[in-house]
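Enquirer: Got a predicted structure plus its sequence, pasted below:
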Amino acid sequence: MAWTILVAEDEGLAAMAIEDELLREGYEVVLAPDGQAALEAAELHPPDLLLTDLRMPRLDGSALIRALRAGRPDLPVVVMTGYAPSGGAASFGRDGEAPVSLFPKPLDMDAVLAELRKLLPGR
């Protein structure tokens, strides 16, 4: 069974490019155009990993991470952003939660894929 990655990205072309790369690697992909849509999609298709932008309409990435991790503190999260928070990836995590990986935009997709392989073993 393939790992399911929920991609929350409001830039359509970027989302499609990321989806293409992930599908090529054998992942199942659920795309969401904003945080609220991602939250709704996660209820229908529980993801194995969240790959999210931070700045999105309706519900931003930080709120999305908090909402999903309220029920799944072990959910691996990869954040992609052009606006990294001053606290870096540590600003998203709480004690007892899975780590958060942070990647600047434009994405180095090879580095992101390498991180996904670490977070989702067996790929």
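Expert: In hand now; what should we look at? Computed from a predicted structure; not experimentally measured. Residues are numbered from 1 along each chain as shown.
Enquirer: Nearest to the middle of the chain, which residue? Look it up for me.
Expert: residue 51 (1.2 Å; Cα atoms, centre = their mean).
Enquirer: next SSE after whatever helix or strand that one lives in?
Expert: In the assignment (DSSP states H and E), residue 51 maps to strand 49-53. Where DSSP H and E defines the elements, the next helix or strand beyond strand 49-53 is helix 61-71.
Enquirer: now the angle from whichever helix or strand comes after that following helix to strand 49-53?
Expert: Sequence order places strand 77-81 as the next helix or strand after helix 61-71, per DSSP H and E. Here strand 77-81 runs at an angle of 20 degrees relative to strand 49-53 (axes from the mean of the first three to the mean of the last three Cα atoms, to 10 degrees).
Enquirer: Can you give the contact residues for strand 77-81?
Expert: 9, 49-55, 61, 65, 68-69, 89, 92, 98, 100-105, 107, 112, 115-116, 119 (Cβ atoms under 8 Å, 6 or more residues apart in numbering). Where you see a C-beta, it was placed from the backbone N, CA and C, and this is true even at glycine.
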